[in-house]
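Student: Below are the sequence and a predicted model for it; my questions follow.
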Amino acid sequence: MDVKLRVQRFDPEAADPKPYWEDFTATIEDNGTVLDALIKVREDTDGTFSLRCSCRSSICGSCAMRINGHAGLACKSQAKDMMIDGVITVEPAGNMPVVKDLVVNFDTFWDKIMAVEPYLKPEGPEPEAEYIASNEAMLHLSDVTSCIMCGACFSDCTVLEVDPSFLGPAALAKAYRFTADPRDGDENGVSKDRLEELTKPSGMWDCTRCMECVQACPKGVAPMDRIMALRDQAIEAGFHNTNGARHTEAFSESVQHSGWLDELRLVPKSLGMTNVSALVGYAPIAIQAITHGKMPPIIHKKIPDSKNVGKIFDKVEGPKKR
Amino acid sequence: MLEHDVLVIGAGLAGMRAAIAARAGGATTAIISKVHPVRSHSNAAQGGINAALTDRGDEWEDHAYDTVKGSDYLGDQDAIEVMCKAAGQALIDMEHFGVTFNRDDEGRLGTRAFGGQRRARTFFVGDFTGQALLHVMFEQLIKSGVRRYEEWFVSSLIIEDGQVCGVMALEVRTGQVYAIRAKTVIFCTGGFGRVFEPSTNALICTGDGTALAYNAGAELMDMEMVQYHPTTLAGSGVLISEAARGEGAYLLDKDGNRFMEKYAPNMMELASRDVVSRAEQTEINAGNGVDGCVYLDCRHLGEALIMEKLSQIREIGIDLVGCDMIKEPIPIRPGMHYAMGGIRTNVDGQTNLPGVYAAGECACVSVHGGNRLGANSLLDTIVFGERSGNHAAEASRSVDYIEFNVDQAVSNEEKRIQAFLDRPQNGDRIASVRLGMGESMNRNLAVYRNEEGMKKTLVELKELEKRYETVPIENKGKVFNTDLIFGLELGFMLDCATPIAMSALDRQDSRGAQARTDYPNRDDENWMKHLVIKKGDSGPELSYAPVSITQWTPEERKY
């Protein structure tokens, strides 16, 4: 099978270093992968073409790149499935500076992993034999520890694109791997110090739930779901005093009570009613909303049969509030 | 000046375990790896790690016996005893470090059955045990404070008066050459799988450390013992874990017969790997396969078990051959997988060169002898990684750094690399020489071997070495020059290939992974010995070393 590739290249040592596109054709087996095609290019056509790759079986995490605009592993993508109008478009992973061709600089990726203190921290004494833990708990963790640190989620995270300080999906999923581990933290397996740290700005509350990381992840880790679980853990551990926690609570309170969102009170409740400086900061937005006729109603009325919405809450979350 | 008491080369499981141990032993320690540590090939170990836990009613002696028998009595029994005794604690250490091992109903570590063993003593994390262990070991490495040189390629050793005193390394991202001084060096560079084509091994498994040590005068041992894994995927040759058969999968010929009953009526599909691979190859050669493959059938295991315990290999089947093992048997064949042989060491990782150690797949202690049991390789890396790190840390206390002219060393290496880049550009491409080598090895040093084929490969290797002299390096740049690295790696692979073929040709019996059609029987009288190969002034020199036998007398192997 002939595969046409359109590859973004970059040579930092060129006279005028800037990215450019180059087209290649590679002949591979019918069920060959995008990686097979790229290796063919490197081996048979152009030795100056650089990319990272090693295992060919989705376990080493070396070959994450953007294929047709979305991050994924080249070794996990069958070439015949990736052709759009007969061409596969390949670019380096996003949100990281390009070193050469498809090779990106992972320094910021790893800095963020390091920032979550990525090793088990049990507070109690170590047992002589293994820790006793349920298979269910371990299988749940294994879904997260199957992360291979390929950076696909990091590449396509829309928050990182605008806010490089965000910890990002991989580091937060890594953090969850410890907060959810019955062996980490106190004798009940609660990792309070970690959760407190992660509630700070740039942490768990900065995810905008765009789902890109869930889509990009080649291993089914679903980082966004782990971030949402972190939020539940943080609130459960008593960390209510954050914009994110207040926002979540105000949002659900409003819908539970009236059947719909009280937009006017959501902002002050999220920021904190006494947080004057932050509230003043929102004044220009409020004024704009008023002048554009987007002012939410001052009196927030319940929708008809709103108590049925309350019943849904009871059904989903149990009679007592989360 | 970059200098460390202990410098570990390679950051897979053995390397990181060695570095953590050396650091804990008080030595200034660094680890250098041509890829980021979590990209290392330990990742690819799928099925599990063996240990006999006494609180499960298992005994280390039973594990040791299974290992000795699996090795076809070529493994050194004193070393096997050391490994099997240490296994329980090594396993518990990994659990305490944070590995998310599957559990039994009581919340204790769960086990699965594995090939060549009379009881289930393989502990596992789904079917990605190696990856789970590797990432946890990296977590511990971060915690330990060991200096990490990530994506640094060791291009040569610094030797003064016959003594290794450091390494020359290329920082891949910048192309800059550095000298790193070390009192002790531990090779944990993994296997040489890419010498064969195809192989289950990752593209980085090019035998760098084996070649560097050999060229510096280290002895290599058991190099003829190359394991062909019974279940590698059609086409790419990627590994499909023994865990599938451990969980109960069948091997079928083209007519759906479980042919293993002819070869191992008791253990069936769970006989040791050499036995199963030979059975498959015999069936394929007799025309009972399809397109050079037989089938691995998991359908009767059911979707629930496959999704809980074999989900990753299922994905591999779907991704690479479009075959879902829940619904259909998948085509597999024996494929090159593991090097039992390597740099000869004692149980503390010491080689015949002072201050030079080796551990993991690049080493030969020898605990695997003629054939490694599944799930003993992860154990080997952790036990002997730790022991090497401990010993090197202790040894480095009583020695001083050896002085050498650093500027001169850097400038010499820069010139050497420049000369490599400046070679004539008219030769065959790197890939064509590599493929020539890999296919020749896979043709004549595979499951079945004979004199004629191996001699042919030795002749072909000589020609390939000549062709290597003129492979062009197209990329002349400094930044992330993978072309240069592949060129250097090809040299290392060729350095490994000849000792493998020479050892195999010399051993005139069939034992473990070596099955010769011209010497089909095991000959304990003449060949119950290790083959040692060393670089002499006029080429490789072969010699022999006795096998350590402590309590298990060699007998005929039956499964």
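Tutor: Everything's here; your move.

Student: would you list every one of the strands in the stretch 51-200 of chain A?
Tutor: A:64-67, A:70-73, A:87-91, A:98-100, A:103-104 (DSSP state E, counting those that start in this stretch).

Student: I'd like those strands laid out as JSON lines, including mean pLDDT, mean neighbour count and distance to B:Val471.
Tutor: All C-beta spots, glycine's among them, are computed from the backbone N, C-alpha and C. JSON lines is the format used below for the strands of the stretch 51-200 of chain A (pLDDT from 0 to 100; neighbours: other CB atoms under 10 Å in any protein chain shown; distance: least, CB to CB, whole Å):
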{"stretch": "strand A:64-67", "mean pLDDT": "98", "mean neighbour count": "26", "distance to B:Val471": "27"}
{"stretch": "strand A:70-73", "mean pLDDT": "98", "mean neighbour count": "24", "distance to B:Val471": "29"}
{"stretch": "strand A:87-91", "mean pLDDT": "98", "mean neighbour count": "21", "distance to B:Val471": "26"}
{"stretch": "strand A:98-100", "mean pLDDT": "98", "mean neighbour count": "22", "distance to B:Val471": "21"}
{"stretch": "strand A:103-104", "mean pLDDT": "98", "mean neighbour count": "23", "distance to B:Val471": "22"}
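
Student: out of those strands, nearest to B:Phe123?
Tutor: Closest of the strands of the stretch 51-200 of chain A to B:Phe123 is strand A:70-73, at 27.9 Å (criterion: CB to CB).

Student: From one end of stretch B:188-207 to the other, what's the distance?
Tutor: Stretch B:188-207 has an end-to-end distance of 10 Å (CA to CA, to the nearest Å).

Student: avg pLDDT for that stretch?
Tutor: The average pLDDT for stretch B:188-207 rounds to 98.

Student: you'd agree B:Phe498 is up against B:Leu464?
Tutor: Just so we're on the same page, residue B:498 is Thr rather than Phe. No. Contact criterion CB atoms under 8 Å: B:Thr498 and B:Leu464 do not qualify, at 9.9 Å.

Student: Which positions in the stretch 101-250 of chain B make contact with chain A?
Tutor: By CB under 8 Å from any CB of the partner chain, the residues of the stretch 101-250 of chain B that approach chain A are B:101-110, B:125-126, B:128, B:131-132, B:135-136, B:139-140, B:142-143, B:173, B:202-204, B:235-236, B:238-239.

Student: change it to 7 Å
Tutor: Within reach of chain A by CB under 7 Å from any CB of the partner chain, the stretch 101-250 of chain B has these residues: B:101-103, B:107-110, B:125-126, B:128, B:131-132, B:135, B:139-140, B:142-143, B:173, B:202-204, B:235-236, B:238.

Student: Where do the helices of the stretch 251-400 of chain B begin and end?
Tutor: Counting by DSSP state H, counting those that start in this stretch, the stretch 251-400 of chain B has helices at residues B:260-263, B:273-285, B:303-309, B:311-321, B:377-397.

Student: Kindly report the same for the stretch 201-322 of chain A.
Tutor: A:212-216, A:223-236, A:243-258, A:263-271, A:276-281, A:283-291, A:306-317.

Student: What residue spans form the domains of chain B?
Tutor: Annotated domains of chain B cover B:2-225+B:340-397, B:230-334, B:426-528 [automatic domain parsing].

Student: Can you tell me which of those is most buried?
Tutor: domain B:2-225+B:340-397 (a mean of 24; mean count of other CB atoms under 10 Å in any protein chain shown).

Student: End to end on that one, go ahead and measure it.
Tutor: Taking CA to CA, domain B:2-225+B:340-397 runs 18 Å from one end to the other.

Student: for that domain, the distance to its chain's centre please.
Tutor: Distance of domain B:2-225+B:340-397 from the chain centroid (CA atoms, centre = their mean, to the nearest Å) equals 9 Å.

Student: which residues touch the residue nearest to B:Arg387 when sequence neighbours are not counted?
Tutor: Spatial nearest neighbour of B:Arg387, chain neighbours left out: B:Asp348 (5.4 Å); criterion: CB to CB, 6 or more residues apart in numbering or on different chains. With contact set as CB atoms under 7 Å, 6 or more residues apart in numbering or on different chains, B:Asp348 has these partners: B:387-388, B:391.

Student: and which of those is nearest B:Leu13?
Tutor: B:Ser388 (12.4 Å).

Student: and stretch A:3-13, which residues are buried?
Tutor: For stretch A:3-13, burial by neighbour count (16 or more other CB atoms under 10 Å in any protein chain shown) applies to A:3-5, A:7-11.

Student: Run the contact check for that stretch versus chain B.
Tutor: Yes. For stretch A:3-13 and chain B, the contact criterion (CB under 7 Å from any CB) is met by A:11-13.

Student: would a markdown table of those residues with pLDDT and secondary structure be doable?
Tutor: Formatted as a markdown table, those follow (pLDDT from 0 to 100; DSSP: H, G, I helix; E, B strand; the rest coil):
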| residue | pLDDT | secondary structure |
| --- | --- | --- |
| A:Asp11 | 98 | coil |
| A:Pro12 | 98 | coil |
| A:Glu13 | 97 | coil |
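
Student: How many neighbouring residues does the residue lying closest to A:Ala175 once chain neighbours are set aside have?
Tutor: The shortest distance from A:Ala175 to any non-neighbouring residue, by CB to CB, 6+ apart, is to A:Val116 (4.1 Å). A:Val116: 22 surrounding residues under other CB atoms under 10 Å in any protein chain shown.

Student: which residues sit against stretch B:394-408?
Tutor: Contacts for stretch B:394-408 (CB under 7 Å, 6+ apart): B:1, B:3, B:5-6, B:25, B:27, B:158, B:160, B:163, B:165, B:179, B:181, B:183-184.

Student: Endpoint to endpoint, that stretch covers what distance?
Tutor: Termini of stretch B:394-408 sit 30 Å apart (CA to CA).

Student: Of all the residues in that stretch, which ones are buried?
Tutor: Judged by neighbour count using 16+ other CB under 10 Å, the buried positions of stretch B:394-408 are B:395-396, B:402, B:406.

Student: now these in a markdown table, with pLDDT?
Tutor: Listed next are those as a markdown table, based on pLDDT from 0 to 100:
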| residue | pLDDT |
| --- | --- |
| B:Ala395 | 97 |
| B:Ser396 | 97 |
| B:Ile402 | 93 |
| B:Val406 | 94 |
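
Student: Report the residue ranges of every domain in chain A.
Tutor: For chain A, automatic domain parsing gives the domain ranges A:2-104, A:107-236, A:243-317.

Student: Which among those domains is found nearest to B:Leu53?
Tutor: With distances scored as CB to CB, the stretch of those nearest to B:Leu53 is domain A:107-236 (8.1 Å).

Student: Do any residues in stretch A:219-229 lie close to chain B?
Tutor: No. Stretch A:219-229 lies out of reach of chain B by CB under 7 Å from any CB, never closer than 8.6 Å.

Student: got the contact list for the most centrally placed residue in chain A?
Tutor: Central residue of chain A (CA atoms, centre = their mean): A:Pro169, 2.8 Å from the mean position. By CB under 7 Å, 6+ apart, the residues touching A:Pro169 are A:153-154, A:157, A:213, A:223-224, A:227.

Student: B:Ser396 versus that one, what's the distance?
Tutor: 41 Å (CB to CB, to the nearest Å).

Student: ditto for A:Glu117
Tutor: In terms of CB to CB, A:Glu117 sits 30 Å off from B:Ser396.

Student: Smallest gap between the stretch 301-450 of chain B and chain A, at which residue?
Tutor: Closest approach between the stretch 301-450 of chain B and chain A, counting by CB to the nearest CB: B:Ala431, at 3.6 Å.

Student: okay but that residue is in contact with A:Arg42, surely?
Tutor: No. Contact criterion CB atoms under 7 Å: B:Ala431 and A:Arg42 do not qualify, at 8.3 Å.

Student: Can you pull the poorly scored residue ranges out of chain A?
Tutor: Scanning chain A for pLDDT under 70 picks out the ranges A:319-322.

Student: Brilliant, that's me finished.
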